[in-house]
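[1] I need the structure of the sequence given here:
(chains A and B, ligands or ions: 6)
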Amino acid sequence: MNQPLLQVENLVKNFELRANSGIRKTKRIVQAVSDVSFSLDKGQTLGIVGESGSGKTTVGRCILQLLDITSGTISFEGKNLGGLSFEEMRQIRRKMQIVFQDPFASLDPKMTVGSSIAEPLVVQGVAGNHEEKVASLLELVGLAVDHAKRFPHEFSGGQRQRVGIARALALDPALIVLDEPVSALDVSIQAGVVNLFGDLQKRLGMSYVFIAHDLSVVRHIADRVAVMYLGKIVEIGDKKSIYEHPTHPYTKALLSAVPVPNPTTERSRSRIMLEGDVPSPVNPPSGCRFRTRCWKATELCASSEPQLVVRPTGQLSACHFPE
Amino acid sequence: MMSELVLSIRDLRVTFDTPLGPLEAVRGVDLDVRAGEMVGVVGESGSGKSVTFLAAMGLLPHQAKVSGSVMINGQEMLGASNKVLRNMRGGLMSMIFQDPLSALNPVHRIGDQIVEMLKAHQPKMSDKDAAKRAVELLDIVGIPQAAERAHQYPHEFSGGMRQRVVIAIAIANNPKVLIADEPTTALDVTVQAQILEVIERVQKSFGTAVVLITHDLGVIARVADRVNVMYAGRNVEKGGVEALFDHPSHPYTRGLLASLPHEGIERLTPITGFPPNMLMPPPGCGFAPRCSHASDACLVSLPPLQTFGDLETACIRAEELVVKAGLS
Ligand SMILES: Nc1ncnc2c1ncn2[C@@H]1O[C@H](COP(=O)(O)OP(=O)(O)OP(=O)(O)O)[C@@H](O)[C@H]1O
Ligand SMILES: Nc1ncnc2c1ncn2[C@@H]1O[C@H](COP(=O)(O)OP(=O)(O)OP(=O)(O)O)[C@@H](O)[C@H]1O
Ligand code: SF4
Ligand code: SF4
Ligand SMILES: [Mg+2]
Ligand SMILES: [Mg+2]
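    Residues are numbered from 1 along each chain as shown, chains lettered A, B, ... in the order given. Ligands and ions are numbered 1, 2, ... in the order given. Below you'll find the predicted structure:
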């Protein structure tokens, strides 16, 4: 059997919040990610969806070792990233890259776009002609070679995001974490960047972790989808099972809340209306974390935490009363 | 029978004086809102959606040159006195924004902020009545335990609850028009659904006309009666929501709808290029640099809105294009 490119097991990430309330110093703990496991095969895309604060970005940053994990293991190409030497880590870091939501904030305004793209090559001490490499990267992401000499402010949002992608591609990564990479872009521009991700994957065979709010974009791009709620994966599986046969009430509600761009269908369909907002991750509800907003919740849901279980349609979901 | 016009914008133009020269943000917009209807406004970022309605509210900074006409409930607002404008804002017409925190005063209890809005327009209202009405309004927008929560401060509310509070303040004086500028963009989709429901409830139960500005065509499809599509400072297409989604006539509207992901397609269809720099807008149709149907005639002058079947469209080739599409 092939080993997955990326394997995340029982990942936990807590943040300590130090709040000064009067003279008493209180220490509170945010459980941003609690016990998350998944794997990702070569050339595949895992979509991560879920509401704000559910821990999507934190998972991404943990994978890239941009955050120290609280517990659990992350393995890349079969190696546990926890026990690597500095040199081994440096080698692996090249193979994992991240692209952020905000194409404006992620580029240095004082650097030409060419130098921004070449920066990872310089930092990693890669030998060879950087100029040629930059030119081929620009072409790869659909920009012109002479764009290298220009500065970020001369680019539109969609173009800047392409620059960010070119930079992420500079070291030929095997994995790219895409954290809301098209959320800041207009719909008409989004489509081109989404196509670019697909084309690059076909050509270069890298894997993506694609984090997004927009469920329709994830449906388009992902092979598998993980739905997160308050730091936990509540459902994970093939895109088709998740979108066509959601078994967790939260997945169902989330899909149902997305308005579809067709007035006739949109006005005739019934939708599940969730009450309230997501509770604080400092003090998550006992048992099932979704129970304060779940229309099916019973006492069992408050006393016992549901585990991820395989459902007849193939995916895993964590619910005592699945759909 | 068509209901009365509560907001009527004619040939609105807004130019900002910037260090790089004049920026033509709005270039001749015509837009009507009738009593009780829900009008959706959609368009590319920077197309002038916010500026159009900020101009109508008299909320633009001084370096903005505004011309044209904005009639609210039959009264001209462009060039009106500060007193007239103050009475209009929050009285005849209110506006809410993407970030509810910016609209709330962090150091005042939310009940008091509603009372303040009530008394600004109804000075004779007693403190007691105003406080009672404030709680009623919080209840209307779906804040549980409204009487207790009226004593709390904005930071004690979640993002979705804050947007409800902002809506309560905006509708306090029963305005004829509520302008909602991306009211759900910063919210999660399950909370967005709740806020849209509140806005629809306000529209239906009080007959408040709503202008909903959004990037999200799904939101438009869900709530709007009529739609205005904006591009490069112009209204490029308008019409009933069913007609506009069923047979859009302007190449930009078509491109926008075609660029959405939908089931069963391998590749998305983007609109190539990007919107014009409004410091140097192209001559003629603003969409021409991205339009695959552009011809020399498109570059001559700004295409006006013209009736085209059950839509109005600002494309000089709309008719030909439909014929072509029908033949192919
Ligand atoms: N550096 C930090 N210090 C303290 N808390 C943090 C930190 N980073 C994230 N958190 C908290 O961890 C939780 C998860 O945050 P995260 O950014 O991973 O969520 P997300 O799913 O990416 O949300 P969004 O959709 O808003 O980007 C949140 O409650 C957040 O406030
Ligand atoms: N105060 C200002 N000074 C100078 N230019 C401005 C000002 N406010 C807006 N603009 C410019 O006017 C144009 C229209 O802006 P507007 O905010 O109306 O766009 P929008 O359609 O609301 O976009 P978005 O969808 O991003 O909110 C833009 O080019 C913008 O940069
Ligand atoms: S375990 Fe209970 S509360 Fe949680 S999703 Fe299932 S039914 Fe709802
Ligand atoms: S007027 Fe010309 S350029 Fe503009 S949308 Fe119509 S065909 Fe395209
Ligand atoms: Mg995030
Ligand atoms: Mg705006």
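[2] For A:D214, which residues are in contact?
    Shown here is A:D214, whose contacts under the criterion Cβ atoms under 8 Å, 6 or more residues apart in numbering or on different chains are A:182-183. Heads up, the C-betas are built off the backbone N, CA and C, glycines and all.
[3] Phi, psi for it please.
    Dihedral angles of A:D214 (phi, psi; degrees, to the nearest 10) stand at phi -80, psi 110.
[4] just the one 4 residues further on next, same as before
    Note on A:V218: its backbone torsions stand at phi -60, psi -40 [degrees, to the nearest 10].
[5] per-residue confidence at it?
    A:V218 is assigned a predicted lDDT (pLDDT) of 97.
[6] what's the spacing between it and A:L64?
    20 Å (Cβ to Cβ, to the nearest Å).
[7] A:Q97: how many residues sit nearby?
    Each residue near A:Q97 was counted by other Cβ atoms under 10 Å in any protein chain shown, and the total is 23.
[8] and if you look at B:E156?
    Neighbour number of B:E156 under other Cβ under 10 Å is 12.
[9] can you tell me how far it sits from ligand 3?
    26 Å (Cβ to the nearest ligand atom, to the nearest Å).
[10] who are the neighbours in contact with the residue nearest to B:G255 when sequence neighbours are not counted?
    Excluding its sequence neighbours, the residue lying closest to B:G255 (Cβ to Cβ, 6 or more residues apart in numbering or on different chains) is B:I271, at 4.1 Å. By Cβ under 8 Å, 6+ apart, the residues touching B:I271 are A:188-189, A:191, B:252, B:255-256, B:259, B:290.
[11] sorry, back to before: quick one: which of A:V218 and A:L64 has more around it?
    The residue with more neighbours, out of A:V218 and A:L64 and counting by other Cβ under 10 Å, is A:V218; that gives 24 against 18.
[12] Double-check that A:E9 belongs to a strand.
    Yes: note on A:E9: a strand contains this position according to DSSP: H, G, I helix; E, B strand; the rest coil.
[13] What is the neighbour count of it?
    Other residues within reach of A:E9 by the criterion other Cβ under 10 Å amount to 14.
[14] Please tell me I have it right and it contacts A:D35.
    No: at 9.4 Å, A:E9 and A:D35 do not qualify as touching, with contact defined as Cβ atoms under 8 Å.
[15] can you list residues touching both of these two?
    A:G72.
[16] any idea how far the single nearest residue of the stretch 201-323 of chain A relative to ligand 2 is from ligand 4?
    With Cβ to the nearest ligand atom as the measure, A:D214 is the residue of the stretch 201-323 of chain A nearest to ligand 2, at 16.1 Å. From A:D214 across to ligand 4, the span is 27 Å (Cβ to the nearest ligand atom).
[17] Next: A:R167.
    Relative to ligand 4, A:R167 is positioned 35 Å away (criterion: Cβ to the nearest ligand atom).
[18] name the element that residue belongs to?
    Here A:R167 sits within helix A:157-169, counting by DSSP states H and E.
[19] close to chain B, is the helix or strand following that helix?
    Using DSSP H and E, the helix or strand that directly follows helix A:157-169 along the chain is strand A:175-179. No: judged by Cβ under 8 Å from any Cβ of the partner chain, strand A:175-179 stays clear of chain B, getting no closer than 15.3 Å.
[20] now strand A:175-179 and helix A:157-169, what's the angle there?
    Counting by axes from the mean of the first three to the mean of the last three Cα atoms, to 10 degrees, strand A:175-179 points 150 degrees away from the direction of helix A:157-169.
[21] at contact distance from chain B, anything in whichever helix or strand comes after strand A:175-179?
    The first helix or strand that comes after strand A:175-179 along the chain, using DSSP H and E, is helix A:187-204. Yes: interface with chain B: helix A:187-204 contributes A:187-192, A:194-195, A:198 (Cβ under 8 Å from any Cβ).
[22] Repeat that for stretch A:134-149.
    No: remark: stretch A:134-149 sits outside contact range of chain B, by Cβ under 8 Å from any Cβ, the gap being at least 10.1 Å.
[23] Report the mean confidence score over that stretch.
    On average, the pLDDT along stretch A:134-149 is 92.
[24] got it, and stretch B:278-286?
    Per-residue pLDDT over stretch B:278-286 has a mean of 92.
[25] How about stretch B:254-264?
    For stretch B:254-264, mean pLDDT rounds to 92.
[26] Quick one: distance of it to the chain centre.
    The gap between the average C-alpha position of stretch B:254-264 and the chain average comes to 23 Å, counting by Cα atoms, centre = their mean, to the nearest Å.
[27] likewise stretch B:194-204?
    Put simply, stretch B:194-204 sits 15 Å off its chain's centre (Cα atoms, centre = their mean).
[28] same deal with stretch A:122-130?
    28 Å.
[29] Show me where the stretch 201-328 of chain B has its strands.
    With DSSP state E, counting those that start in this stretch as the criterion, the stretch 201-328 of chain B has strands at B:209-214, B:226-231, B:234-240, B:306-308, B:311-313.
[30] swap that for the stretch 51-200 of chain A, please
    Assigned by DSSP E, counting those that start in this stretch, the stretch 51-200 of chain A shows strands spanning A:71-76, A:79-80, A:96-99, A:175-179.
[31] which SS class is B:I179?
    Look at B:I179: counting by three-state DSSP, its state is strand.
[32] Mind listing the residues bridging to B:V66?
    Beta bridges link B:V66 to B:V14 when assigned by DSSP bridges.
[33] Can you name the residues that contact it?
    Shown in contact with B:V66 (Cβ under 8 Å, 6+ apart): B:12-14, B:55, B:60, B:78.
[34] Quick one: check stretch B:35-42 for contact with ligand 2.
    No: for stretch B:35-42 and ligand 2, the contact criterion (Cβ under 6 Å from any ligand atom) is not met; the two come no nearer than 8.5 Å.
[35] Quick one: mean pLDDT over that stretch.
    Stretch B:35-42 carries an average pLDDT of 98.
[36] Is chain A within reach of it?
    No: residues of stretch B:35-42 are not located near chain A by Cβ under 8 Å from any Cβ, the shortest gap being 9.3 Å.
[37] So what's the residue count around B:L321?
    Taking other Cβ under 10 Å as the definition, B:L321 ends up with a neighbour count of 16.
[38] Settle this for me: it is touching B:C315, isn't it.
    Yes: applying Cβ under 8 Å, one finds B:L321 in contact with B:C315, separated by 7.5 Å.
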